[in-house]
Every structure is written in structure tokens, then in C-alpha cells.
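J.: this is a predicted model, with the sequence first.
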Amino acid sequence: MSAMTSANQPATIQKEQHSAARVAGLIYLIAMATSMFAELYARAPLIVKGDAMQTALNIAASEGLFRLGSVIHLVTFASDAVLAIALYVVLRPAGRNVALLAASWRLIDSAILSVNMLNDFAVLRLVDGGAYLQAFDTKQLQALARLFLSVEAAGFQIGFVFLGLGSTAFSYLWLTSRYIPRTLAAWGIFSSSVLATVTLACILFPRLGESIGLTYMAPMFFYEVGLGFWLLVKGIRAPSMARQG
């Protein structure tokens, strides 16, 4: 571990930190792209709000596309676990305990979202109409399929709480380490804490979530994309250089 300055900042940067920072930057960008593809292209066109029957018909007619979205989500969540470890390697010298807590929260997020994808397989079984489902009529199966999609949406909310907590802790270490511009780190603290707190508020007050939609996630989008590009192109810098920025 590197020596620390009197201001509790890492005095030097190790080679493994540089490598992990580049990996983190690449994963930020790839994961953002894959998650948006899975949601906006593979899933959103199939789900009709307030219409369980049409949603079930759409999924049944485009099963391959729905499955593709599930697979891409799983790949994204797996890459998020790698991201958590990469960020831990980069930021451990700035605060080992906080970095460990942040990585744990991000890994919990990945685990919750991965298990949450079981709802997709339940939906596919229901719209497939297997022989063992003949005890239910078509409308009941369609309603159950929509129920599992709703449960999945709730699972995403739970995961986003841990995502926001982990990202807030990592952003704090970015700020104190001065590996990246302080403005970017401060924006990370703001956007990550907004993600965690507003998601909790939406869980507590469902109508709030219906009124604001996903707009509160926009700051997090810009933070992760900005940080991803910065780490991939610029990398991290020593605190002595950071004081000049």
C-alpha cells in the first residue's frame, strides 16, 4: 500500500491502480450501453403500461428479444461486480474501510439484480402456456406475468438503493484522494445520494415514482458516463498534480 500524506491522501499511485482505473472506465461505459440497450430496445417496446394482455402477447411474440434483454442484463450485472473490485483496488489506499464498504454495497447490488432476473423466466413460463398451467385461464396467466414484471421492477429499486450507497462511498473517496477532478467527484456524491434517497422515497411513496419516472436517475447517468470517459482517457493522477487542477 502506498504511503499517505498528512492530509490522508495517497502519496503515490501504484501500477495496479492505473490498470484498475482503466478497467473501471471501460466497464462504466460498456455497462451503461448494455443496460440501456436491454431496457430501451429489448424490453420497453414489449411492456404496455396498464395492459397485461398486450404485454403478454408482445413477450410471447418476441420471446427471443425478451430473452436477449435478460442475457444482456446478466452480463451487465456480472461486469458491475468486476467494476466494484476495480474501484476497490483504485481507492483502497485512500481509505481501506470505506472502499471495502463501498465495494460490498456494489456487490450486493449486483447480486440482488442478478437474482431478480428470475422474474423474467417466470414471465416466459406463464406466457408460454405449458400444459401444467391449464388450471389457469389465459387472462389469469397474463395477469400473473404482469405481476412478475412488477415484482422485477421492485427488485430493481432495491438494487438501485445499494448502487447509490456504494457509489456515494466511492465518490467520497474520489473526492478525498483527488485522483480525479474534485468537481466530478462532488457531482458523484450528489448524483449517487440522489439515486439512493429518491429510490427509497419512491418505495415508500409509490405515487412519487409514478409522477417523476426515471428522471431522477439522469444525474447518475451523466456522472457514470463522465467518470468512465475520464478514467479511460485520462486515468488517475497523483494528489500533487491534482492540487493544480
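T.: Nice, I can see it. Numbering: from 1, shown residues only.
J.: top helix in this protein by residue count?
T.: helix 138-177 (DSSP state H).
J.: can you dump the C-alpha atoms of the helix or strand just after that one in PDB for me?
T.: For helix 138-177, the succeeding helix or strand toward the C-terminus, using DSSP states H and E, is helix 182-204. The C-alpha trace of helix 182-204 is given here as PDB (Å, rounded to 0.1, in the frame of the first residue of the first chain):
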ATOM      1  CA  ARG A 182     -13.000  17.400  -7.400                       C
ATOM      2  CA  THR A 183     -15.900  18.800  -9.400                       C
ATOM      3  CA  LEU A 184     -16.500  15.400 -10.900                       C
ATOM      4  CA  ALA A 185     -16.200  13.600  -7.600                       C
ATOM      5  CA  ALA A 186     -18.600  16.100  -5.900                       C
ATOM      6  CA  TRP A 187     -21.100  15.500  -8.700                       C
ATOM      7  CA  GLY A 188     -20.700  11.800  -8.000                       C
ATOM      8  CA  ILE A 189     -21.600  12.300  -4.300                       C
ATOM      9  CA  PHE A 190     -24.600  14.300  -5.300                       C
ATOM     10  CA  SER A 191     -26.000  12.100  -8.000                       C
ATOM     11  CA  SER A 192     -25.300   8.900  -6.100                       C
ATOM     12  CA  SER A 193     -27.000  10.100  -3.000                       C
ATOM     13  CA  VAL A 194     -30.000  11.300  -5.000                       C
ATOM     14  CA  LEU A 195     -30.300   7.900  -6.600                       C
ATOM     15  CA  ALA A 196     -30.300   6.200  -3.200                       C
ATOM     16  CA  THR A 197     -32.600   8.600  -1.300                       C
ATOM     17  CA  VAL A 198     -35.100   9.200  -4.100                       C
ATOM     18  CA  THR A 199     -35.400   5.400  -4.800                       C
ATOM     19  CA  LEU A 200     -36.100   4.900  -1.100                       C
ATOM     20  CA  ALA A 201     -38.700   7.700  -1.300                       C
ATOM     21  CA  CYS A 202     -40.300   6.000  -4.300                       C
ATOM     22  CA  ILE A 203     -40.500   2.700  -2.400                       C
ATOM     23  CA  LEU A 204     -42.200   4.500   0.500                       C
END
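J.: give me the contact list for helix 182-204.
T.: 154, 157-158, 160-161, 163-165, 167-168, 170-172, 174-175, 208-209, 212, 216-217, 219-220, 222-223, 226-227, 230, 242, 245 (CB atoms under 8 Å, 6 or more residues apart in numbering). Every residue, glycine included, has its C-beta placed from N, CA and C.
J.: buried residues in the longest helix of the chain, which are they?
T.: Of the residues in helix 138-177, 141-142, 144-146, 148-149, 152, 155-156, 158-177 count as buried by neighbour count, 16 or more other CB atoms under 10 Å.
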